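1. need the 3D shape of this:
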Amino acid sequence: MKNCFLLIFALLLIISLPVMAISDDENDMLYRINQDIDANRQDWIAGQTGVSTCFIRDPGLLMSHYGSTTAAPAAWPTPNPLVESMTFPTRFDWRENGGYTPARQQGMGDCFPCWAFSLIGGAESAALLATGIEMDLSEQQLLDCNANGYGCDGGFINGWTALRDYGLVEESCYPYIDEDGDCLQNDCSPVGWIAGAYPVPYSINSLKYALLYHGALSCSMTVYNNFMFYTAGCYENAATQPINHGVIIVGWDDAMCGGTGAWFVKNSWGTGWGDEGVAYMKYGTCNIGRDAQWFEYSDLPVPDGLHYSLYIPSMATGADDWFVLERRTGNPGTEALDVIEVIILDACGGFWFYPDFTPNVDWVTGTIQRGQYRSEVLLAFQWPAGVTLTGGLRFWGACFDAESFDLLAWNVTEWGSFSAL
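-> Model (predicted):
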């Protein structure tokens, strides 16, 4: 009898729970969206989501609170022919490969912080890949402490420098309050630093390369009201409004969208929207992937002066594997730097100078603009069949002031068992 009474009580409790009803306005909007999906033969599903009640918000208002490439500190890089020649897996997802943190909730009030959530999403992925520790980092730190005057009234992708100058701060110490506040980062101990934010050229291969080798990408897109109703499928929109929103790309699938391919896009509208906070967006739609950048994590404070390093992300060992050499530069200063650079390949007891790889000394001159960070692929080739390298390779690189010839920075990177040579 007691068990029967408990069962009846539980049923009555369930019946009495409030049901999230859909309003007439929301229902009308959903009806029109589904008509448009059918009329345009699109392949995505609209429904009630955690943010669909906010569809009345004027999209022009959102656009006025997010920057554009004109706000970038230097001209955006163009696609690198070496990267454009590379091949990549047909599908990749950081949710399945240890580089993903859950979607956050920015709220739908009078604060417009998508730019900060986008930057922090990329920084969290970089920190996770570098440390193996999943961090929940503070968006409020960027709202309150950025050096650009950004905040709830809007911002852009160059608002990340507090993560370099002070360091990464955890959400538990500096929680999001959905409004601007005084900068309180000094009350929190940094849990790491961002040494650089590197822009990614706008092409499918460039985005894939940066995703595969460096983690989730902070980027821009254009959001439309119907996106708030997204629940599943391949989202697309043929409209051509300017960018107005910041998100994070976490993967891709070339087979989706009828073979056109889709980006996996983490939003900041909570896990009650899309696929636990992620949308699948057709390549090229809604400006997705514009202004993309990846972050370099450091467990030590970032020194002043020129940031310079060489990096080999690929560990090629067999035929058709890709061997890649990157160069990273960053100028946090207030003046442009005219530099002379030399890169030397050290292998098998011999030395060869980049870019022609002859024994003759070869210098490269250039200018690194103030505030400019760049990651450039210098070498990318598929390992030849039948070629086996015993030992390893070492690349030395150095930058000198073009006028005084003072050494500004140097770095070395190795591949294989170099010490055995």
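2. state the distance from residue 123 to residue 177.
-> Separation of residue 123 from residue 177 (Cβ to Cβ, to the nearest Å) stands at 19 Å. No exception for glycine: its C-beta is placed from N, CA and C like everyone else's.
3. those two: who's more crowded?
-> Legend: neighbour count by other Cβ atoms under 10 Å for residue 123 and residue 177, higher for residue 123 (28 against 13).
4. now that one. Nearest residue, chain neighbours left out?
-> In this structure, residue 123 finds its nearest non-sequential neighbour in residue 295, 5.0 Å apart by Cβ to Cβ, 6 or more residues apart in numbering.
5. got the contact list for the one you found?
-> 122-123, 125-126, 160, 163, 194, 196-198, 214-215, 218 (Cβ atoms under 8 Å, 6 or more residues apart in numbering).
6. just flag the most distant two among those residues.
-> 163 and 214 (15.6 Å; Cβ to Cβ).
7. give me the more crowded residue out of these two.
-> Higher neighbour count among residue 163 and residue 214: residue 163, with 31 against 23, using other Cβ under 10 Å.
8. can you tell me the helix or strand for the more buried one?
-> Using DSSP states H and E, the element containing residue 163 is helix 162-165.
9. list the helices and strands that helix packs on?
-> For helix 162-165, the packing partners by 3 or more Cβ pairs under 8 Å, 6 or more residues apart in numbering; DSSP states H and E come out as helix 139-145, strand 193-199.
10. most packed of those?
-> Highest mean neighbour count among the helices and strands packed on helix 162-165 (mean count of other Cβ atoms under 10 Å): helix 139-145, with a mean of 25.
11. what sits up against it?
-> Taking Cβ under 8 Å, 6+ apart as the rule, helix 139-145 contacts 104, 106, 111, 113, 115-117, 119-120, 150-152, 155, 159-160, 162-163, 166, 169, 171, 174-177, 180-185, 188.
12. so this protein: which segments form each domain?
-> 30-297, 304-420 (automatic domain parsing).
13. wait, which of these is closest to residue 24?
-> Proximity to residue 24, assessed across those by Cβ to Cβ, is greatest for domain 30-297 (10.4 Å).
14. before we move on, the earlier item: got the helices and strands packed on helix 162-165 as CSV, with mean pLDDT and distance to residue 370 columns?
-> Shown next, in CSV, are the helices and strands packed on helix 162-165 (pLDDT from 0 to 100; distance: least, Cβ to Cβ, whole Å):
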stretch, mean pLDDT, distance to residue 370
helix 139-145, 97, 21
strand 193-199, 97, 14
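15. dump the ones you listed to CSV, plus distance to residue 332.
-> Formatted as CSV, those follow (distance: least, Cβ to Cβ, whole Å):
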stretch, distance to residue 332
helix 139-145, 16
strand 193-199, 9
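16. quick one: pLDDT of the closest residue to residue 135 other than its chain neighbours?
-> Nearest residue to residue 135, sequence neighbours excluded (Cβ to Cβ, 6+ apart): residue 127, at 5.1 Å. At residue 127, the pLDDT value in this model is 98.
17. can you get me a residue count around residue 127?
-> 26.
18. pretty sure it sits in a helix.
-> Yes - counting by DSSP: H, G, I helix; E, B strand; the rest coil, residue 127 is part of a helix.
19. who's in contact with it?
-> Residue 127 neighbours (Cβ under 8 Å, 6+ apart): 133, 135, 137, 168, 191, 192, 297.
20. which ones among these lie within strands?
-> Using DSSP state E, the members of these that fall within strands are residue 297.
21. the contacts of residue 127, buried ones only, as a PyMOL selection?
-> Command for PyMOL, covering only those of these found buried under the criterion 16 or more other Cβ atoms under 10 Å:
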select buried, resi 135+137+168+191+192+297
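22. ok, now which ones touch the residue lying closest to residue 50 once chain neighbours are set aside?
-> Once flanking residues are discounted, residue 50 sits nearest to residue 272: 2.8 Å by Cβ to Cβ, 6+ apart. By Cβ under 8 Å, 6+ apart, residue 272 lies in contact with 49, 50, 51.
23. including neighbour count, could those residues go into a markdown table?
-> Supplementary listing: the contacts of residue 272 in a markdown table, determined by neighbours: other Cβ atoms under 10 Å:
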| residue | neighbour count |
| --- | --- |
| 49 | 19 |
| 50 | 17 |
| 51 | 22 |
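24. redo the residues you listed as CSV? Include secondary structure and pLDDT.
-> Putting the contacts of residue 272 into CSV (DSSP: H, G, I helix; E, B strand; the rest coil; pLDDT from 0 to 100) gives the following:
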residue, secondary structure, pLDDT
49, coil, 93
50, coil, 89
51, coil, 88
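25. what is the nearest of those to residue 320?
-> Using Cβ to Cβ, residue 49 comes nearest to residue 320 of the contacts of residue 272, at 43.4 Å.
26. so that closest one makes contact with residue 274?
-> Yes - in this structure residue 49 lies within contact range of residue 274 using Cβ atoms under 8 Å: 7.3 Å.
27. any common contacting residues for these two?
-> 230, 231.
28. for residue 358, find the nearest of the helices and strands packed on helix 162-165.
-> Residue 358 sits nearest to strand 193-199 of all the helices and strands packed on helix 162-165, at 29.7 Å, using Cβ to Cβ.
29. outside of the closest one itself, list whatever touches it.
-> 72, 76-77, 119, 122-123, 126, 157-158, 160, 163-164, 167-168, 210, 214, 218, 291-302, 307, 328, 330, 373-375.
30. who are the contact partners of residue 364?
-> Going by Cβ under 8 Å, 6+ apart, residue 364 touches 340, 341, 342, 343, 354, 355.
31. follow-up on the earlier one: got a PyMOL select line for the buried ones in the contacts of strand 193-199?
-> Filtering the contacts of strand 193-199 down to the buried ones (16+ other Cβ under 10 Å) takes a single PyMOL command:
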select buried, resi 72+77+119+122+123+126+157+158+160+163+164+167+168+210+214+218+291+292+293+294+295+296+297+298+302+307+328+330+373+374+375
